[in-house]
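1. Here is my input; please provide its structure:
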Amino acid sequence: MAQAPARRVWRASPLVLTAILLAWALALASEFTGTPGWVHHHHLLTPGMAAWASVGLFLAAWQIHIAAMMLPSTLPMIGHFRHMAAAQPHPVAARSVFLVGYLIVWTGFGIAASLAYLGVHAVVEQWHWLASRPQVGVGGVLILAGAFQFSGLKDRCMEKCRHPVAFLMAHYQRGIPAALRVGLRHGLFCLGCCWALMLVMFAVGIANLAWMAPLALLMLYEKTGKAGDRIVRPVGMVLILLGLAMMLFMGPMPVEHHHG
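-> Numbering: from 1, shown residues only. Sure thing, here's the model as predicted:
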């Protein structure tokens with residue numbers, strides 16, 4: 001099983017690259033036109049809008065979000081899979097189904113995180129002290145994300161994501177069902193690397209460009225950068241200190257009640 005040259009791997013998926021650029025263009029456009037609210041999970045239940053429409057809007061916004069934040073770090077894997085699948089009888093179908101595997105995993109995480117957010121939000125709204133201190137929740141999520149950077153699970157998932165060729169050598173098989181299995185399996189390792197950092201986006205707002213851009217760059221460098229594995233724990237320490245600072249030094253804020 002031959003390994004594709006690194007430069008060829010990064011350029012091997014023009015459609016995926018286009019999707020990434022389009023997602024960032026939409027994120028930037030929504031930010032600079034003052035309409036980020038419509039791609040924000042805080043509007044999951046919006047007065048005057050049917051629940052199915054709100055959920056559909058969120059899922060559409062979530063696809064844009066994962067295309068912008070998650071797809072860049074999977075480009076090497078996608079490129080190597082494309083190279084290896086070229087000898088299959090139906091390479092385009094295999095590549096498409098392979099990507100569907102990632103989509104299933106990330107969309108499932110988005111739905112689960114959204115439901116969890118709604119549950120936590122409902123509890124917080126009943127507790128004035130906590131509702132007036134949203135930084136406590138954000139700080140707690142930052143500490144959780146920082147602590148996960150020190151976990152063995154993070155290390156194991158990073159190992160799979162930083163070495164896509166080794167992963168394919170172990171799991172690649174010809175055929176459409178096999179392509180879906182590889183996409184699902186590697187998607188889970190990808191999620192295992194990044195779920196805690198993505199959870200931060202739910203705490204600060206998934207359309208928050210000030211957090212979205214640096215976290216996307218961090219996930220990209222962790223998985224593909226030469227020293228990506230060596231920055232994991234320092235980043236974890238920074239997240240923990242930032243979370244503690246938010247919890248300890250920020251005062252109460254005016255309470256904004258949301259009614260579903």
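
2. now stretch 169-189, how far from the chain's geometric center?
-> Averaging C-alpha positions (CA atoms, centre = their mean, to the nearest Å) puts stretch 169-189 20 Å from its chain's average.

3. List the buried residues for stretch 221-241?
-> Buried residues in stretch 221-241, counted by 16 or more other CB atoms under 10 Å: 222, 223, 224, 228, 232, 235, 236, 239, 240. Quick note: C-beta positions are derived from backbone N, CA and C, even for glycine.

4. how close does residue 132 get to residue 213?
-> The gap separating residue 132 from residue 213 is 29 Å, by CB to CB, to the nearest Å.

5. Residues contacting stretch 228-244, please?
-> 138-143, 145-150, 154-155, 158, 162, 200, 218, 221-222, 225 (CB atoms under 8 Å, 6 or more residues apart in numbering).

6. repeat that for 10 Å
-> With CB atoms under 10 Å, 6 or more residues apart in numbering as the test, stretch 228-244 has contacts from 73, 135-136, 138-151, 154-155, 158-159, 161-162, 193, 196-197, 200, 203, 218-223, 225.

7. again with stretch 91-102
-> Stretch 91-102 has contacts (CB under 10 Å, 6+ apart) with 12-13, 15-16, 19, 66, 70-71, 74, 77-78, 81-82, 84-86, 88, 90, 172, 174-188, 190-191.

8. Can you flag which of these belong to helices?
-> If you go by DSSP state H, the contacts of stretch 91-102 have 15-16, 19, 66, 71, 74, 77-78, 81-82, 84-85, 176-188, 190-191 in helices.

9. among the residues you listed, which ones are buried?
-> With neighbours counted by 16+ other CB under 10 Å, the ones in helices among the contacts of stretch 91-102 contain buried members at 16, 19, 66, 71, 74, 77-78, 81-82, 84-85, 178-188, 190-191.

10. Give me the below-cutoff pLDDT ranges for the protein.
-> 1-12, 34-49, 51, 251-260 (pLDDT under 70).

11. Centroid-wise, who is the farthest residue in it?
-> residue 89 (32.2 Å; CA atoms, centre = their mean).

12. ok, that one touching residue 174?
-> Yes. Judged on CB atoms under 10 Å, residue 89 makes contact with residue 174 at a distance of 7.9 Å.

13. how much space is there between residue 158 and residue 152?
-> In this view, residue 158 and residue 152 are 10 Å apart by CB to CB.

14. how about the helices in the stretch 101-250 of the chain?
-> With DSSP state H, counting those that start in this stretch as the criterion, the stretch 101-250 of the chain has helices at 128-131, 134-148, 152-162, 164-171, 176-204, 209-224, 232-249.

15. okay if I get the ones you listed as CSV plus distance to residue 56?
-> Formatted as CSV, these follow (distance: least, CB to CB, whole Å):
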stretch, distance to residue 56
helix 128-131, 28
helix 134-148, 26
helix 152-162, 30
helix 164-171, 33
helix 176-204, 18
helix 209-224, 22
helix 232-249, 33
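
16. Can you say which of the ones you listed is nearest to residue 28?
-> Closest to residue 28 of these, according to CB to CB: helix 209-224, at 7.2 Å.

17. buried residues in that closest one?
-> Across helix 209-224, burial judged by 16+ other CB under 10 Å covers 209, 211, 212, 215, 216, 218, 219, 220, 222, 223, 224.
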